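# A structural model of the following input is requested.
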Amino acid sequence: MRKGVDKRSMLRRFQSMGFYLLDTCTFPVDKLRSKERRNTILQHTPRLVQDVIRADPLHILIVKSSIFHPVSSALRGSHLWRRVLNTGPIPFPSHGNQSKYRSMFRRALNTIAVRS
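So this is what the prediction gives:
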């Protein structure tokens, strides 16, 4: 999607289908230096976990390798851990990762049928 495109209507449709998109940080961190970005993500992980607990989703998919470990570690201490579909990081669908993202997303969704 091009930069500047208003994604709100797509996100509302996404949520109307029972999906949530929750971000680790409430502001962009992509322009921060690596260490500062990592520290910021760690600082905001507890808030994200609280957001996930409030949303109480049936299934959870953790996207982006830089947040997988802190978020999955934080969720292990909650009843939501068993709802996490992926056992490892799924790349963010940008910078050439779209096909890998779609493949890994499909694989994670297929685990729902296996668990049921």
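# quick one, helices of the chain?
8-16, 34-55, 65-76, 98-115 (DSSP state H).
# Out of these, indicate the one that is most buried.
By mean neighbour count, with neighbours taken as mean count of other Cβ atoms under 10 Å, helix 65-76 ranks first of the helices of the chain at a mean of 17. Backbone N, C-alpha and C define where each C-beta goes, glycine included.
# got the contact list for that one?
24, 37-38, 41-42, 45-46, 48-49, 52, 60, 62, 81, 84, 86, 88-92 (Cβ atoms under 8 Å, 6 or more residues apart in numbering).
# Tabulate the helices of the chain (a markdown table), appending mean pLDDT and distance to residue 28.
Formatted as a markdown table, the helices of the chain follow (pLDDT from 0 to 100; distance: least, Cβ to Cβ, whole Å):
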| stretch | mean pLDDT | distance to residue 28 |
| --- | --- | --- |
| helix 8-16 | 83 | 16 |
| helix 34-55 | 92 | 10 |
| helix 65-76 | 89 | 14 |
| helix 98-115 | 84 | 20 |
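# contacting residues for residue 84?
60, 61, 62, 72, 75.
# let's see 10 Å
52, 59, 60, 61, 62, 68, 71, 72, 75, 76, 108, 111 (Cβ atoms under 10 Å, 6 or more residues apart in numbering).
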